[in-house]
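Novice: give me coordinates for this.
(one chain, ligands or ions: 2)
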Amino acid sequence: MTHPDNCSPKRILIDTDPGIDDAAAILLALASPEIHLEGLSIVHGNCSVQQGVINALSILELAQAPSVPVVQGCELPLVQPALLAPETHGERGLGYAELPAPSLQPLPQPACDFLIERTLGAPAEITIVAIGPLTNLALALRKEPLFASAVKEIIVMGGAIRHEGNTTPLAEFNTYVDPHAAYILFHSGIPITLVPLDVTYQCILTEAHLQRIEQVPSPISVFLRQATRFYMEFHDEYQAIEGCVINDPLALALAFRPDFCKYEELYVDVDISGGVCLGKTFADFYRMSGKAANMRVALQVQAEAFLDLFVERIIALSQKILAQEVKRMR
Ligand code: RIB
Ligand code: CA
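Specialist: Ligands and ions are numbered 1, 2, ... in the order given. Next up is the predicted model:
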């Protein structure tokens with residue numbers, strides 16, 4: 001139900017492998033009044049799904065958002081062997097950040113059942129922001145045929161169209177780790193917005209952005225400093241990038257600021273043939289396949305405008321947390 005001026009918050013479920021940039025996306029969602037965060041479904045990827053659940057609960061406690069449901073999903077890809085990313089996100093998935101063990105618990109419901117239940121319970125109302133390997137979504141699609149028509153849209157952080165890969169020379173991490181899940185989603189008929197490396201690699205969080213965030217010192221700013229310090233060291237060592245690519249927050253931001261990007265409606269597929277192109281996403285720009293577009297792809301981004309929003313929202317979240325702590329101490 002939306003008000004006449006469409007001011008009601010957008011209902012969002014985030015499917016995530018938290019992960020440092022995932023954590024930043026979760027914080028951005030909690031900092032943005034345009035979003036109602038309906039839940040976090042956790043998937044294998046940057047770290048194990050078990051560690052991802054712990055990280056998600058810890059991040060919610062850090063942001064004083066204990067009521068957001070968390071559910072555990074798949075710990076393995078559909079076909080491929082497990083592939084985690086400790087070199088990128090650290091052994092426990094949050095870089096050098098050491099959050100207290102969470103007191104919160106996940107719901108005792110598998111992620112695919114949660115995704116099905118919540119979307120069928122609110123048909124055409126819930127947007128899923130998928131920022132990890134797509135295994136949970138593929139399972140939901142196979143388990144419940146009505147899932148595809150119940151989901152309003154899915155914003156997928158994943159793929160590399162004209163951009164080089166970040167996991168193989170051709171493939172991006174989320175589509176490489178579980179290419180079969182990506183294939184199932186890409187051919188599901190669900191309205192998809194793809195947010196590939198082509199745009200996310202223009203969104204580099206730098207030391208200057210962190211120093212702006214640290215103008216309001218808080219547990220949030222301390223966490224982001226510690227988590228991104230590891231992530232920046234990775235980007236420097238492996239890709240000679242000064243800063244770190246915040247892929248997932250861009251995907252989340254497009255849920256309420258789609259104007260940050262320009263899109264093309266394209267037929268996009270993902271290679272599952274098992275060769276050197278495994279997990280590579282490719283777009284039929286010249287429409288040679290004769291196949292109808294199956295998604296809209298973000299190919300241009302106003303990176304500085306997005307990064308400014310990210311910094312401003314994180315500062316606002318810090319100020320909110322600090323005000324709540326002052327109130328609690330009175
Ligand atoms: O390739 C970048 C994506 O893979 C991001 O979502 C990152 O968190 C990892 O999941
Ligand atoms: Ca991720």
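
Novice: and the nearest residue to residue 289 once chain neighbours are set aside, backbone torsions?
Specialist: Excluding the flanking residues, the one nearest residue 289 by CB to CB, 6 or more residues apart in numbering is residue 267, at 5.9 Å. Every C-beta, even on glycine, is put in place using the N, C-alpha and C of the backbone. For residue 267, the backbone dihedrals (degrees, to the nearest 10) come out as phi -80, psi 120.

Novice: surely residue 267 touches residue 293?
Specialist: Yes. Residue 267 is within contact range of residue 293, at 5.4 Å (criterion: CB atoms under 8 Å).

Novice: so between those two, which is more surrounded?
Specialist: residue 267 (19 against 15; other CB atoms under 10 Å).

Novice: my guess is residue 57 contacts residue 102. True?
Specialist: Yes. Counting by CB under 8 Å, residue 102 is a contact partner of residue 57 at 3.5 Å.

Novice: what distance do you get for the residue nearest the centre of the chain to residue 170?
Specialist: For the chain, the residue nearest the mean C-alpha position is residue 131 (2.6 Å; CA atoms, centre = their mean). Separation of residue 131 from residue 170 (CB to CB, to the nearest Å): 21 Å.

Novice: what does residue 116 give?
Specialist: For residue 116, the distance to residue 170 - CB to CB - is 33 Å.

Novice: tell me where the model's unsure across the chain.
Specialist: 1-6 (pLDDT under 70).

Novice: can you give me the strands for it?
Specialist: Using DSSP state E, the strands of the chain run over residues 10-16, 35-42, 70-72, 126-130, 153-157, 192-195, 204-205, 244-245, 261-266, 268-270, 281-283, 295-301.

Novice: how about the residues of the protein by ligand 2?
Specialist: 17, 19, 22, 131-132, 248 (CB under 5 Å from the ion).

Novice: how about a cut-off of 6 Å?
Specialist: Contacts of the chain with ligand 2, taken as CB under 6 Å from the ion, map to 16-17, 19, 21-22, 45-46, 131-132, 248.
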